[in-house]
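*Asks:* Provided below for reference: sequence and predicted model.
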Amino acid sequence: MKINSIAIIGGGAWGTALATVARRAGRDVTLWAFEAETVAAINNGHENTAFLPGIPLDEKIHATNDLGLATGIADADAVLLATPAQHLRATAETLATTLPPHLPAVICAKGIELESGLLMSEVARETLPDSPLAVLSGPTFATEVAREQPAAVTLACGDAQTGKALVAALGTRYFRPYLSDDVTACEIGGAVKNVLAVASGIVIGRGLGENARAALVTRGLAEMVRLGVAKGAQAVSMMGLCGFGDLLLTCTSAQSRNMSLGIRLGEGEALGDVLGRRTTVAEGVFTAAPVVSLARRMGVEMPICEAVDQVLNHGANIDETIAGLLDRPFTSEA
């Protein structure tokens, strides 16, 4: 299997950064964006001025806002799904009418579907049942990837041949995919870390200190691993790039959309006001509730994620919520 052309569905910062990755790896690239103005900016000015400003794009990256047969998407050798997590189902349902059977689909969205509680791969299996699936996840900021600063990610795929072909198609000296067969670990890590990043931001915004953040991130990792193992992931997989690595990046840098949102909340701003000033998606806001719901269904204790859900979705007082976490009984670390 050789992948020469790649279609990327999603013209946000991450989709655009992945387009630069694929092009630098020598692939023909078609990038679908929802907004007509984004398509025009990429095709005419070779820059995504709305979502990735200041980054020049290769002139051979072609953008479109048409998912139909005439766009070149259906002729690609693989498709990368980089839409926001809550839009994946609708986008995949539309793609299913045009994509040929058995075209590899790589999920690049991080989250859990709000209404169904399904992982992104479970959504894709329902909407693209004939496509071999892979998941791309790891510690990446889109701007740094687009600027060709070094990054490493996990590419998880149940089919070894497809996975190796995708690594060969996307890998470069500066963008290093590490192959895994643990799709569930990749997805749980990518989803839960966004919720924990909101908590990390609240800790900093509230002035609780670096000791508190280190404790939260470490205990948050324990929550992530517990949920992953309950869903069938291997604990060791979650110690890699898609789990610990992504958590480390997202919880320690204000570049993170989720952590920066948490900082604003910790400083006393209302969630609606923070979201109203943004054009980008903080996936942790939408993922907190389904993470907690999934954990409860599987009998997994996740007090930090539950606390974030209470603050984001149930109007809980931040100081009282923090006090509740600090008053929990002492227990074994194992």
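*Replies:* Structure's in. What do you need?

*Asks:* which parts of this structure are strands?
*Replies:* Ranges of strands in the chain, per DSSP state E, are 5-9, 28-32, 62-64, 78-81, 105-107, 133-137, 151-157, 175-180.

*Asks:* in a markdown table: the ones you listed, plus mean neighbour count, distance to A235 and mean pLDDT.
*Replies:* For glycine as for every other residue, the C-beta is placed from the backbone atoms N, C-alpha and C. Below are the strands of the chain laid out as a markdown table (neighbours: other Cβ atoms under 10 Å; distance: least, Cβ to Cβ, whole Å; pLDDT from 0 to 100):
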| stretch | mean neighbour count | distance to A235 | mean pLDDT |
| --- | --- | --- | --- |
| strand 5-9 | 26 | 32 | 96 |
| strand 28-32 | 24 | 36 | 96 |
| strand 62-64 | 20 | 41 | 95 |
| strand 78-81 | 26 | 27 | 98 |
| strand 105-107 | 27 | 22 | 98 |
| strand 133-137 | 28 | 17 | 98 |
| strand 151-157 | 24 | 15 | 98 |
| strand 175-180 | 19 | 13 | 98 |
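
*Asks:* ok, which of the ones you listed comes nearest R264?
*Replies:* strand 133-137 (25.3 Å; Cβ to Cβ).

*Asks:* hey, where'd the helices end up in this structure?
*Replies:* 13-24, 36-40, 88-95, 120-127, 142-146, 160-170, 183-205, 210-230, 246-250, 257-266, 271-276, 283-297, 303-313, 318-326 (DSSP state H).

*Asks:* any idea how many residues pack against A50?
*Replies:* A50 has 18 neighbours, counted by other Cβ atoms under 10 Å.

*Asks:* need the contact list for it.
*Replies:* Neighbouring residues of A50 by Cβ atoms under 8 Å, 6 or more residues apart in numbering: E35, E37, T38, A41, T279.

*Asks:* recalculate using a threshold of 7 Å.
*Replies:* The neighbours of A50, taking Cβ atoms under 7 Å, 6 or more residues apart in numbering as the test, are E35, E37, T38, A41.

*Asks:* what is the burial count for the second one?
*Replies:* The burial count assigned to E37 is 11, neighbours taken as other Cβ under 10 Å.

*Asks:* how near is it to L52?
*Replies:* The spacing between E37 and L52, counted by Cβ to Cβ, to the nearest Å, is 14 Å.

*Asks:* per-residue confidence for the nearest residue to G189 once chain neighbours are set aside?
*Replies:* Excluding the flanking residues, the one nearest G189 by Cβ to Cβ, 6 or more residues apart in numbering is G243, at 3.6 Å. For G243, the pLDDT comes out at 97.

*Asks:* from what I can see G243 touches A222, true?
*Replies:* No: applying Cβ atoms under 7 Å as the test, G243 and A222 come out as separate, 11.4 Å apart.

*Asks:* please say which of the two ends up with more neighbours.
*Replies:* G243 (30 against 14).

*Asks:* give the contact list for the more buried one.
*Replies:* Contacts for G243 (Cβ under 7 Å, 6+ apart) come out as A185, G189, M224, S237.

*Asks:* what do you get for A78?
*Replies:* A78 neighbours (Cβ under 7 Å, 6+ apart): I3, I6, L103, P104, V106, L166, A169.

*Asks:* and the two most separated of those residues?
*Replies:* L103 and A169 (13.0 Å).
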